[in-house]
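Enquirer: no letters, just coordinates:
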């Protein structure tokens with residue numbers, strides 16, 4: 001049985017804690033949160049710690065890190081140096097050098113490192129990638145995830161934007177999907193962005209868009225915006241277009257754009273070819289908790305089977321590298337060669 005330490009119990013950390021609580025192969029030995037928080041009854045009996053360092057005294061085999069992104073790299077490195085495997089939420093780090101240092105530490109220590117690219121565990125997104133690959137490239141990618149956040153959600157976004165822009169925080173998921181479909185090196189990226197609120201740092205922006213070019217000629221754009229001013233019209237666009245047709249996510253019942261469950265919910269896939277359209281219904285769509293359960297089960301499987309995660313780790317660095325370059329382009333007004 002793996003001894004598991006949960007670090008951070010926001011939206012994602014809480015879901016990961018529930019996943020390990022329900023998995024008979026895991027034993028939660030502690031939960032770390034900097035501030036006092038009443039936990040759901042199922043989790044209330046576990047030891048609580050106020051600091052990462054205190055939590056590590058529980059001698060975990062696996063540390064699940066779901067803190068703000070500026071803490072990811074130092075906590076992941078410290079956990080691996082202490083002998084623990086690590087699951088860390090995306091983005092892996094606020095910059096590429098720190099992200100690569102985490103990957104290097106995993107190789108050095110022989111510990112497993114899994115980054116929270118939850119769409120890689122989502123059967124509907126796996127099907128989207130397969131259907132897109134079947135069309136053949138080059139591809140046009142059209143993707144966004146805008147969130148009209150208020151109250152507590154806007155407070156979380158403002159805290160995230162102390163160190164990480166929306167184009168980096170969310171963009172790594174969708175750039176990773178583009179890279180899995182194109183299977184071609186990214187060669188350049190250009191971005192635009194705008195600060196739409198006086199409630200965020202003067203050097204930060206809460207709306208951004210990137211335009212990405214691949215070596216095989218594929219191109220893609222992704223946009224992300226956070227805040228009460230954001231429109232909920234077309235906030236979840238997911239299209240892949242090729243010379244032979246297109247694959248699109250059809251709208252499911254998404255409630256509001258700030259609903260975390262709606263960020264992965266697919267509904268169905270529309271495959272368009274010149275000879276006609278085909279609608280793929282996806283009746284077994286996992287909800288947010290089921291998806292986190294699957295992701296954490298995959299983490300345990302990777303540890304117990306001693307899986308080689310080298311490619312997945314480097315993919316996480318690559319998608320972050322692209323999004324960090326887009327952030328640089330937004331700030332300088334110049335395209336960035338990759």
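Expert: Received it, and whenever you're ready, just let me know what you need. What you see is a predicted model; the values in this text were computed from it and never measured.

Enquirer: OK, contacts around residue 175?
Expert: 210, 212, 222, 319, 322, 323 (Cβ atoms under 8 Å, 6 or more residues apart in numbering). All C-beta spots, glycine's among them, are computed from the backbone N, C-alpha and C.

Enquirer: name the helices or strands packed onto the helix or strand hosting the third one?
Expert: In the assignment (DSSP states H and E), residue 222 maps to strand 219-225. Where contact means 3 or more Cβ pairs under 8 Å, 6 or more residues apart in numbering; DSSP states H and E, strand 219-225 is packed against strand 140-144, helix 166-169, helix 171-182, strand 207-214.

Enquirer: could you redo the last one with a cut-off of 6 Å?
Expert: strand 140-144, helix 171-182, strand 207-214 (3 or more Cβ pairs under 6 Å, 6 or more residues apart in numbering; DSSP states H and E).

Enquirer: nearest to residue 29, of those?
Expert: helix 171-182 (29.4 Å; Cβ to Cβ).

Enquirer: after the closest one comes which helix or strand?
Expert: Helix 171-182 is succeeded, C-terminally, by strand 186-194 (DSSP H and E).

Enquirer: what residues does the strand holding residue 222 touch?
Expert: With contact meaning Cβ atoms under 6 Å, 6 or more residues apart in numbering, strand 219-225 is reached by 140-141, 143-146, 166-167, 170-171, 174, 178, 207, 209-213.

Enquirer: could you turn the buried ones of these into a ChimeraX selection?
Expert: The buried residues among these can be selected in ChimeraX (16 or more other Cβ atoms under 10 Å) with this line:
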select :141,143,144,145,146,166,167,170,171,174,178,207,209,210,211,212,213
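
Enquirer: show me the contacts for the residue nearest to residue 302 when sequence neighbours are not counted.
Expert: Among residues not flanking residue 302 along the chain, residue 112 sits closest, at 5.5 Å (Cβ to Cβ, 6 or more residues apart in numbering). Applying Cβ under 6 Å, 6+ apart, we find residue 112 in contact with 85, 302, 303.

Enquirer: shouldn't the last one be in contact with residue 86?
Expert: In other words, residue 303. No - the criterion here is Cβ atoms under 6 Å, and residue 303 misses it with residue 86 at 10.2 Å.

Enquirer: which of these two has more residues huddled nearby?
Expert: Taking other Cβ atoms under 10 Å, residue 303 and residue 86 do not tie; residue 86 has more neighbours (27 against 19).

Enquirer: that one: which element?
Expert: strand 85-89.

Enquirer: what ranges does the stretch 201-338 of the chain have for its strands?
Expert: Assigned by DSSP state E, counting those that start in this stretch, the strands in the stretch 201-338 of the chain fall at 207-214, 219-225, 238-242, 245-250, 268-273, 276-281, 336-337.

Enquirer: can you list the ones you listed in CSV and add mean pLDDT and distance to residue 91?
Expert: CSV is the format used below for the strands of the stretch 201-338 of the chain (pLDDT from 0 to 100; distance: least, Cβ to Cβ, whole Å):
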stretch, mean pLDDT, distance to residue 91
strand 207-214, 98, 14
strand 219-225, 98, 12
strand 238-242, 97, 20
strand 245-250, 95, 23
strand 268-273, 95, 27
strand 276-281, 94, 30
strand 336-337, 98, 17
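
Enquirer: most tightly surrounded among these?
Expert: strand 219-225 (a mean of 24; mean count of other Cβ atoms under 10 Å).

Enquirer: who does it pair up with?
Expert: Strand 219-225 has the following strand partners under DSSP bridges: strand 140-144 (parallel), strand 207-214 (antiparallel).

Enquirer: make a markdown table from those and add distance to residue 313 to it.
Expert: Below are those laid out as a markdown table (distance: least, Cβ to Cβ, whole Å):
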| stretch | distance to residue 313 |
| --- | --- |
| strand 140-144 | 23 |
| strand 207-214 | 21 |
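
Enquirer: quick one: which of those is nearest residue 33?
Expert: Among the strands paired with strand 219-225, strand 207-214 comes nearest to residue 33, with 29.6 Å by Cβ to Cβ.

Enquirer: and residue 143, what is it in contact with?
Expert: 174, 222, 238.

Enquirer: one more time with 10 Å, if that's ok
Expert: 171, 173-175, 177-178, 220-224, 236-240, 249 (Cβ atoms under 10 Å, 6 or more residues apart in numbering).
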